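> Please work out how this folds:
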Amino acid sequence: MKKPDSFTADAAESLAIQALTYLAADGTRLERFLGMTGITPEGLRTAAAAPGFLGGVLDHVVSDETLLTGFAAQAGIDPAALMRARAALGHADWEREVP
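Okay, here's the model as predicted:
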């Protein structure tokens, strides 16, 4: 993927969905994400519809260097691209918006 200077919201959302898929592909990564967010496996679909959720996914990935570098390598992107994608999504506090 070409390194853009900035992301559109759509491109950032697409990258966040890829990051969520990366988390879900490994039970340990997914369990850690769910545990840290308090989301149940059954509630994941509902949570995913909440405004700001995808930004929260990126927050989670960039907060852990192992996740960040692993996902960036798999996606073929510079890890700094995730920070630019996160900025494009704004900073909604999605955890407070999930019922």
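
> Where do the helices of the protein begin and end?
Using DSSP state H, the helices of the chain run over residues 9-24, 27-37, 44-48, 53-62, 65-75, 80-88, 94-97.

> Same list (these) but as JSON lines, adding mean pLDDT and mean neighbour count.
All C-beta atoms are positioned from the backbone trio N, CA, C, and that covers glycine. As requested, the helices of the chain are arranged in JSON lines below (pLDDT from 0 to 100; neighbours: other C-beta atoms under 10 Å):
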{"stretch": "helix 9-24", "mean pLDDT": "95", "mean neighbour count": "18"}
{"stretch": "helix 27-37", "mean pLDDT": "95", "mean neighbour count": "14"}
{"stretch": "helix 44-48", "mean pLDDT": "90", "mean neighbour count": "15"}
{"stretch": "helix 53-62", "mean pLDDT": "94", "mean neighbour count": "23"}
{"stretch": "helix 65-75", "mean pLDDT": "96", "mean neighbour count": "15"}
{"stretch": "helix 80-88", "mean pLDDT": "92", "mean neighbour count": "19"}
{"stretch": "helix 94-97", "mean pLDDT": "47", "mean neighbour count": "14"}
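
> pretty sure residue 36 is in contact with residue 60, am I right?
Yes. Shown here, residue 36 and residue 60 form a contact pair, counting by C-beta atoms under 8 Å, at 6.7 Å.

> For residue 72, give its distance to residue 52.
Note on residue 72: its distance to residue 52, by C-beta to C-beta, to the nearest Å, is 22 Å.

> And residue 19, by the same measure?
Relative to residue 52, residue 19 is positioned 14 Å away (C-beta to C-beta).

> same thing with residue 74?
If you go by C-beta to C-beta, the gap between residue 74 and residue 52 works out to 24 Å.

> ok, now residue 77?
As defined by C-beta to C-beta, residue 77 lies at a distance of 22 Å from residue 52.

> Please apply the same query to residue 6.
To residue 52, residue 6 is 19 Å away according to C-beta to C-beta.

> Which one's more surrounded, those two?
Comparing residue 6 with residue 52 by other C-beta atoms under 10 Å, the one with more neighbours is residue 52, at 18 against 11.
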